[in-house]
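Participant: what would the 3D arrangement of this be:
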Amino acid sequence: MSMNSPFKSDILKGEVALLTGGGSGIGLEISTQFGKHGASIAIMGRRKNVIDDAVSALQSLGITAVGFEGDVRKREDAQRVVEATVKHFGKLDILVNAAAGNFLVAAEDLSPNGFKTVMDIDTVGTFTMCHEALKYLKKDAPGRNSSSGGFILNISATSHYTASWYQIHVSAAKAAVDALTRNLALEWGTDYDIRVNGIAPGPIGGTAGMSKLVPQEINNKIKDYMPLYKVGDKWDIAMAAVYLASDAGKYINGMTMPVDGGLWLSRPRHLPKDGVKQLSRTVEKRSRAAPTGVPTSKL
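Facilitator: So this is what the prediction gives:
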């Protein structure tokens, strides 16, 4: 989907961004929009063909981009890719942790190893990348010409705000990611002037998450109970990322922003709006008819 950005095209000019999971889905759209707004892009992923295709697509748009093969679960890979990014571009300004694992499974059918795999990718992988990038994101890091530190963006979810069917592994992992975001924002914001924020996407069209996690018959009905009555676009997430990464968000730290059209607030509407009015009139009439001195709550 092609839409015009509300931001100036140079709002991220001169920035260097490293994105895990930046070669597909939401991660690729963030890579694209960061690049369109002036940033140089480095992508990290496990599948070389996906990385190569993404880098080619970015370069075809005139975006300066490179790709590195690596697994966020392996510290040696994280260290190698972070250092390769800095060696290639001379510095690192932005780290986006978008790599994630997900699948539907009932809790009793989920093996401890399956649970651990998602925790390792989403949670441990996020911390590992942050840990290895720290020395390059500090405000006094070599190559940085800014008086402030860098920026970390963690892609989360809303599944753990209450609970989600067949998503116990993801809910646990993303709850931990949100805790990482807050704690790093506190510690590294204070000590190194590094901002750390998150984005929690809702149902986003054209993503693997929608195709894997939302059956078509449910997908057709999802708009009926979303407050904005529509599924989001990858562009929506990318624009939130541009905002948070730019000077427009320079005073935002430790926040995970839900970008889901308000879906996390929603509940099934058991009573039509007209039915509410009718019920209210009925209750009022009943109250007026109540015997004097008898509380209506007792009727």
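
Participant: could you list the domains of the chain?
Facilitator: 16-268, 271-299 (automatic domain parsing).

Participant: make TSV from those domains and add distance to residue 5, mean neighbour count and mean pLDDT to it.
Facilitator: Heads up, the C-betas are built off the backbone N, CA and C, glycines and all. Shown next, in TSV, are the domains of the chain (distance: least, C-beta to C-beta, whole Å; neighbours: other C-beta atoms under 10 Å; pLDDT from 0 to 100):
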stretch	distance to residue 5	mean neighbour count	mean pLDDT
domain 16-268	7	19	90
domain 271-299	36	9	64
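
Participant: figure out which of these is closest to residue 3.
Facilitator: domain 16-268 (5.3 Å; C-beta to C-beta).

Participant: and the closest residue to residue 164 other than its chain neighbours, what does it touch?
Facilitator: Closest residue to residue 164 apart from its sequence neighbours, by C-beta to C-beta, 6 or more residues apart in numbering: residue 171 at 5.7 Å. Shown in contact with residue 171 (C-beta atoms under 8 Å, 6 or more residues apart in numbering): 157, 159-160, 163-164.

Participant: hmm, 6 Å instead?
Facilitator: 159-160, 164 (C-beta atoms under 6 Å, 6 or more residues apart in numbering).

Participant: ok, residue 101 touching residue 118?
Facilitator: Yes - at 4.6 Å, residue 101 and residue 118 qualify as touching, with contact defined as C-beta atoms under 6 Å.

Participant: picking that back up, the domains of the chain: which one's closest to residue 4?
Facilitator: Per C-beta to C-beta, nearest to residue 4 of the domains of the chain: domain 16-268, 10.0 Å.

Participant: the stretch 151-299 of the chain: strands as residue ranges?
Facilitator: 151-155, 195-201, 256-259 (DSSP state E, counting those that start in this stretch).

Participant: just send the ones you listed back as TSV, with distance to residue 184 too.
Facilitator: Shown next, in TSV, are the strands of the stretch 151-299 of the chain (distance: least, C-beta to C-beta, whole Å):
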stretch	distance to residue 184
strand 151-155	7
strand 195-201	4
strand 256-259	12
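
Participant: returning to that earlier point: dump the domains of the chain to CSV, plus distance to residue 7.
Facilitator: Shown next, in CSV, are these (distance: least, C-beta to C-beta, whole Å):
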stretch, distance to residue 7
domain 16-268, 6
domain 271-299, 37
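
Participant: nearest to residue 28, of the strands of the stretch 151-299 of the chain?
Facilitator: strand 151-155 (12.3 Å).

Participant: strands paired with that closest one, and their directions?
Facilitator: With DSSP bridges as the test, strand 151-155 is paired with strand 94-97 (parallel), strand 195-201 (parallel).

Participant: alpha carbons of the longest one, as CSV, please.
Facilitator: When you say that, I think you mean strand 195-201. Extracted in CSV, the C-alpha atoms of strand 195-201 (Å, rounded to 0.1, in the frame of the first residue of the first chain):
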residue,chain,number,x,y,z
ARG,A,195,15.7,6.3,24.6
VAL,A,196,14.0,2.9,24.6
ASN,A,197,10.4,2.5,23.4
GLY,A,198,8.1,-0.1,21.9
ILE,A,199,5.3,-0.5,19.5
ALA,A,200,2.5,-3.1,20.0
PRO,A,201,0.9,-3.7,16.6
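
Participant: and the helices in the stretch 151-299 of the chain, which stretches?
Facilitator: Applying DSSP state H, counting those that start in this stretch to the stretch 151-299 of the chain gives helices spanning 168-192, 208-213, 216-219, 234-245, 273-288.

Participant: so which of the ones you listed gets nearest residue 31?
Facilitator: helix 234-245 (8.6 Å).

Participant: now that closest one and strand 195-201, what's the angle there?
Facilitator: For helix 234-245 against strand 195-201, the angle by axes from the mean of the first three to the mean of the last three C-alpha atoms, to 10 degrees is 160 degrees.

Participant: check which helices and strands helix 234-245 sits against.
Facilitator: helix 25-36, strand 195-201, strand 256-259 (3 or more C-beta pairs under 6 Å, 6 or more residues apart in numbering; DSSP states H and E).

Participant: give me that answer again for 10 Å
Facilitator: For helix 234-245, the packing partners by 3 or more C-beta pairs under 10 Å, 6 or more residues apart in numbering; DSSP states H and E come out as strand 16-20, helix 25-36, strand 94-97, strand 151-155, strand 195-201, strand 256-259.

Participant: got CSV for the ones you listed, with distance to residue 133 too?
Facilitator: Formatted as CSV, these follow (distance: least, C-beta to C-beta, whole Å):
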stretch, distance to residue 133
strand 16-20, 7
helix 25-36, 16
strand 94-97, 5
strand 151-155, 7
strand 195-201, 11
strand 256-259, 19
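
Participant: out of these, flag the one nearest residue 141.
Facilitator: strand 16-20 (11.4 Å).
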